[in-house]
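Asker: Give me the fold of what follows.
(2 chains, ligands or ions: 2)
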Amino acid sequence: MIYRLWYFIRETVVSLWRNLSLTLAAILTVGISLSLVGTSILVREGADRATAQFQEGVEFIVFMNADHTPDQDVAIRQVLDTSPAISEYAYIDKMAAYEEFQVLFVDKPELIESVTPDVMPPSYRIVPADPDAANVAELARQFSTQPGVREVATATDAIRQIEDFSTRVSQVLLVAAVVLVVVSAMLILNTVFTAIGARREEIEVMKLVGATNWFVRIPFMLEGMIHGLIGAGLAIPSLFIVEDQVLSFFQESDVVPLFRGFAVPDGFVWDTSLWLLLLGGTVGMLGSAIAVTRYLDV
Amino acid sequence: MIRLESVSKVFKGDVTALRDASAEIQRGEFVFLVGPSGSGKSTFIRLLNREEVADSGRIMVAGKDLGSLSSWRVPYLRRNIGCIFQDYKLLSKKTVSENVAFGLEVIGRPRTVIKRQVPAILELVGLSRKADRTPDELSGGEQQRVSIARAFVNRPLILLADEPTGNLDPATSVGIMRLLDRINRSGTTVVMATHERGVVDTMRRRVIELDRGVIVRDESRGVYD
Ligand SMILES: Nc1ncnc2c1ncn2[C@@H]1O[C@H](COP(=O)(O)OP(=O)(O)OP(=O)(O)O)[C@@H](O)[C@H]1O
Ligand SMILES: [Mg+2]
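Answerer: Numbering: from 1, shown residues only, chains lettered A, B, ... in the order given. Ligands and ions are numbered 1, 2, ... in the order given. The predicted model follows:
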């Protein structure tokens, strides 16, 4: 009797452990792969925003001191208007800069409150006639020596690098993520397959008494979906860590000019989280659906 | 209730389990399937609840042509057919009443119906006092009663039994046969495969004899040989 009891306990623990480790493996793999998917999305979005003001041919931006004099403006304009090296330019005054800032940081009201139009540096966004990197660098050097200029940010030496870097990083992450998503689907398939095996007798009885196919299948599909959802749940905190640590690292580094940072709005992380949950649930459903259709001949 | 017209079933490897078999079984009949091992008795039964599909011929069960029955309808067919086996197929981790209730739960019967029907059917098979035991605490005969309760709780039109007394001693078999007889008298058609002479000879019901997949005898009130 005691031997028998011990036997049952041992069998139960062994089977539970086997399933537990498989389940944990599946959930963790989903979590890791979805973290990578999410990071890739965040890096992309961050880069898009960081480089937003360098679109439509703008190769460099001349930021003026907030307290520069009107003469200094006139002098700069003189050069911009007459130089054959400049194709076109746009002046962003304090108010426009402030408005842009508000749009950019719409999700961070405390940040918007901390600045006034007054402290915003006005700037010239410049489209050169020749976008060649060496040429742009030379132009930037020339403008940086002009009186009243605080800083010249060029697309070539900073932004293009960021774009390049983020594209490469997010692509590598995405490839790794796709591989891992496939691996997690296969792990879920295996876990569900094991669960089906463990309940073979119940399934046989269910079919015998006339349970519908869906009645037999749904619990297993739910199991797979739960693996996917828990995995996605694990990935979501990692998104906030990425936003907090990685993106802010770029924000604080000097490669990106001024306040225009490598950042995503708060809501964006939540949106991405929702997508990850959806993706996790779908991967789980798919993995278990394959297991169910292949191993449950109902 | 059941009609076979020139039914043949060939398994891979050229095993002919059933050859050109024709038979008609009326509502309320009690039919024994006899024959040596491998003669096709189990195949006959498995064709009736569509666990197997005939290769040729036509099978009608409860007004449905099984050949043209789409697979999603099969569960609904099976709700009209109770099945019992030599090995009972009970779930060892569930109690007697849970085993019977399981059969109703998984076809979506409401809880109130289950609460009412399970004790009633356990009363019928004489197991009310053992409702909370698990199968391994029961004798073979008692386990078979549980499986009969599960098969009959839904009041099926047909009861298929594949050697239900195969693991039981003669005295226990008599009890099981009495129970099947009662179920049959309540109007349920019973088809039972067996190779127990004693059981067939005492009941004196219709006997269909198979030999290598061919129906070689079909007599009402027959005996084993
Ligand atoms: N799934 C299957 N695949 C291949 N051959 C099968 C299968 N099921 C049954 N057979 C073969 O079909 C023939 C009939 O088998 P069946 O189980 O119907 O016989 P039976 O009369 O029930 O025998 P027994 O008295 O031993 O239970 C046998 O030769 C058997 O080997
Ligand atoms: Mg058999």
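
Asker: where do the strands sit along chain B?
Answerer: B:2-11, B:15-25, B:30-34, B:56-61, B:64-65, B:81-85, B:158-162, B:189-193, B:206-211, B:214-219 (DSSP state E).

Asker: Just tell me which of those strands ends up closest to chain A.
Answerer: Of all the strands of chain B, strand B:81-85 sits nearest to chain A, with 5.5 Å by CB to the nearest CB. For glycine as for every other residue, the C-beta is placed from the backbone atoms N, C-alpha and C.

Asker: what about that closest one, near chain A?
Answerer: Yes. With CB under 8 Å from any CB of the partner chain as the threshold, strand B:81-85 lies in contact with chain A, specifically through B:81, B:83.

Asker: Report all helices and strands that that strand contacts.
Answerer: Under the contact criterion of 3 or more CB pairs under 8 Å, 6 or more residues apart in numbering or on different chains; DSSP states H and E, the helices and strands touching strand B:81-85 comprise helix B:140-152, strand B:158-162.

Asker: give me that answer again for 10 Å
Answerer: Other helices and strands packing on strand B:81-85, by 3 or more CB pairs under 10 Å, 6 or more residues apart in numbering or on different chains; DSSP states H and E, are helix A:200-209, helix B:41-48, helix B:140-152, strand B:158-162, helix B:170-185, strand B:189-193.

Asker: Quick check: the residue nearest the centre of chain B vs ligand 1, distance?
Answerer: With distances taken as CA atoms, centre = their mean, the residue of chain B nearest its centroid is B:Leu160 (1.7 Å). B:Leu160 sits 12 Å away from ligand 1, going by CB to the nearest ligand atom, to the nearest Å.

Asker: Near the closest residue to B:Ile208 other than its chain neighbours, how many other residues are there?
Answerer: Nearest non-adjacent residue to B:Ile208, counting by CB to CB, 6 or more residues apart in numbering or on different chains: B:Asp218, 4.9 Å away. Taking other CB atoms under 10 Å in any protein chain shown as the neighbour definition, B:Asp218 ends up with a count of 14.

Asker: tell me the contacts of B:Asp218?
Answerer: For B:Asp218, the contacting residues are B:22-24, B:31, B:206-209, by CB atoms under 10 Å, 6 or more residues apart in numbering or on different chains.

Asker: One more: B:Val113?
Answerer: Taking CB under 10 Å, 6+ apart as the criterion, B:Val113 is in contact with B:104, B:153.

Asker: about what we covered before: tell me what the residue nearest to the centre of chain B is bridged to.
Answerer: Using DSSP bridges, the beta-bridge partners of B:Leu160 come out as B:Cys83, B:Val191.

Asker: That one reaches B:Ile148, doesn't it?
Answerer: No. In this structure, B:Leu160 sits apart from B:Ile148 without contact. The criterion is CB atoms under 10 Å, and the distance is 11.7 Å.

Asker: Next, show the common contact partners of the two.
Answerer: Common neighbours of B:Leu160 and B:Ile148 are listed as B:82, B:84 (criterion: CB under 10 Å, 6+ apart).

Asker: rewinding a little: and the residue nearest to the centre of chain B, how far is that from B:Ile183?
Answerer: The span separating B:Leu160 from B:Ile183 equals 12 Å under the rule CB to CB, to the nearest Å.

Asker: Show me the shaky parts of chain A.
Answerer: Low-confidence segments of chain A, defined by pLDDT under 70, are located at A:1-18, A:50-59, A:104-108, A:131, A:155-162, A:247, A:249-263, A:266, A:297-298.

Asker: middle-most residue in it, spatially?
Answerer: When CA atoms, centre = their mean is applied to chain A, the residue found nearest the centroid is A:Leu42 (1.9 Å).

Asker: who's in contact with that one?
Answerer: For A:Leu42, the contacting residues are A:166, A:170, A:173, A:239-240, A:242-243, A:246-247, A:262-264, A:268-269, A:272, by CB under 10 Å, 6+ apart.

Asker: rewinding a little: out of the contacts of B:Asp218, which are buried?
Answerer: Neighbour-count burial (16 or more other CB atoms under 10 Å in any protein chain shown) is assigned, among the contacts of B:Asp218, to B:23, B:31, B:206-209.

Asker: for those residues, which one is nearest ligand 1?
Answerer: Distance to ligand 1 across the buried ones among the contacts of B:Asp218 (CB to the nearest ligand atom) is lowest for B:Glu209, with 10.9 Å.

Asker: so what's the closest one closest to, chain neighbours aside?
Answerer: The shortest distance from B:Glu209 to any residue other than its chain neighbours is 3.9 Å, reached at B:Arg217 (CB to CB, 6+ apart).

Asker: so what's the one you found up against?
Answerer: Residues in contact with B:Arg217 (CB under 10 Å, 6+ apart) are B:34-35, B:207-211, B:225.

Asker: One more: A:Val183?
Answerer: For A:Val183, the contact set (CB under 10 Å, 6+ apart) comprises A:25-26, A:29-30, A:32-33.

Asker: Quick one: the residues you listed as a markdown table, columns for neighbour count too.
Answerer: Conversion of the contacts of A:Val183 to a markdown table gives the following (neighbours: other CB atoms under 10 Å in any protein chain shown):
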| residue | neighbour count |
| --- | --- |
| A:Ala25 | 17 |
| A:Ala26 | 28 |
| A:Thr29 | 21 |
| A:Val30 | 33 |
| A:Ile32 | 20 |
| A:Ser33 | 27 |
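
Asker: Save the residues you listed as TSV, and put in distance to B:Val96 and secondary structure too.
Answerer: Shown next, in TSV, are the contacts of A:Val183 (distance: CB to CB, whole Å; DSSP: H, G, I helix; E, B strand; the rest coil):
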residue	distance to B:Val96	secondary structure
A:Ala25	38	helix
A:Ala26	36	helix
A:Thr29	42	helix
A:Val30	41	helix
A:Ile32	47	helix
A:Ser33	46	helix
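
Asker: Looking at those residues, spot the one nearest chain B.
Answerer: Checking the contacts of A:Val183 against chain B with CB to the nearest CB, the nearest one is A:Ala26 at 24.7 Å.

Asker: Surely the closest one is in contact with A:Val181?
Answerer: No. With the criterion set as CB under 10 Å, A:Ala26 and A:Val181 do not qualify as a contacting pair; they are 12.0 Å apart.

Asker: got any residues that touch both of those two?
Answerer: With contacts defined as CB under 10 Å, 6+ apart, the residues adjacent to both A:Ala26 and A:Val181 are A:228, A:283.

Asker: tell me which parts of chain B are close to ligand 1?
Answerer: By the criterion of CB under 6 Å from any ligand atom, the positions of chain B lying close to ligand 1 are B:11, B:15, B:17, B:35, B:37-43, B:195.

Asker: how about a cut-off of 8 Å?
Answerer: B:9, B:11-13, B:15-18, B:33, B:35-46, B:52, B:162-163, B:193, B:195, B:210, B:213 (CB under 8 Å from any ligand atom).

Asker: ok, of those residues, which come out buried?
Answerer: Buried among the residues of chain B next to ligand 1 by 16+ other CB under 10 Å: B:9, B:16-18, B:33, B:35, B:39-46, B:52, B:162-163, B:193, B:195, B:210, B:213.

Asker: list the contacts for A:Ile230?
Answerer: A:23-24, A:26-28, A:30-31, A:280, A:284.

Asker: Among those, name the buried ones.
Answerer: In terms of neighbour count (16+ other CB under 10 Å), the buried residues within the contacts of A:Ile230 are A:23, A:26-27, A:30-31, A:280, A:284.

Asker: Redo these as JSON lines? Include distance to B:Met177.
Answerer: Shown next, in JSON lines, are the buried ones among the contacts of A:Ile230 (distance: CB to CB, whole Å):
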{"residue": "A:Thr23", "distance to B:Met177": "47"}
{"residue": "A:Ala26", "distance to B:Met177": "50"}
{"residue": "A:Ile27", "distance to B:Met177": "53"}
{"residue": "A:Val30", "distance to B:Met177": "55"}
{"residue": "A:Gly31", "distance to B:Met177": "59"}
{"residue": "A:Gly280", "distance to B:Met177": "56"}
{"residue": "A:Gly284", "distance to B:Met177": "50"}
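
Asker: Any idea how far stretch B:191-199 is from the middle of the chain?
Answerer: Using CA atoms, centre = their mean, to the nearest Å, the mean C-alpha position of stretch B:191-199 is found 12 Å from that of the whole chain.
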